[in-house]
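Visitor: Provided below for reference: sequence and predicted model.
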Amino acid sequence: MEYKKIWRAVPSPVRKTIVLVIGFTLIAIGAVLIVLPGPFTLPFIIGGLFVLAAEFTWAKSLLTKAQESAKKVDPRKLRKRKAKDN
């Protein structure tokens, strides 16, 4: 847990700037992957929210809402929907 002590020793504005840059970069990569062909869109977006939630309460509440929405998704219904589309 030495890294937590070091991280907390960094001044708050610097910490928040680092978290903002890394978090929004991950979200931007995820947004670009929505348009471009390829997998792994959601992990980048969720990862960005996790990083932002480390320092910002608005990101933590947004992450909590996303987790609650994900719990409501039933994968069995998604498979049935794909079968009907074909």
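Guide: Cool, got the structure.

Visitor: quick check, residue 29 in contact with residue 44.
Guide: Yes. Under the criterion of C-beta atoms under 8 Å, residue 29 makes contact with residue 44 at 4.8 Å. Yep, even glycine has a C-beta here, placed from its N, CA and C like the rest.

Visitor: between these two, which is the more surrounded one?
Guide: Neighbours per residue, other C-beta atoms under 10 Å: of residue 29 and residue 44, the larger number sits with residue 44, 19 against 16.

Visitor: wait, the more buried one touches residue 36, no?
Guide: No. At 12.0 Å, residue 44 does not count as touching residue 36 under the criterion of C-beta under 8 Å.

Visitor: could you point out the longest helix of the protein?
Guide: The longest helix of the chain (DSSP state H) is helix 12-35.

Visitor: can you list the low-confidence ranges for this structure?
Guide: 77-86 (pLDDT under 70).
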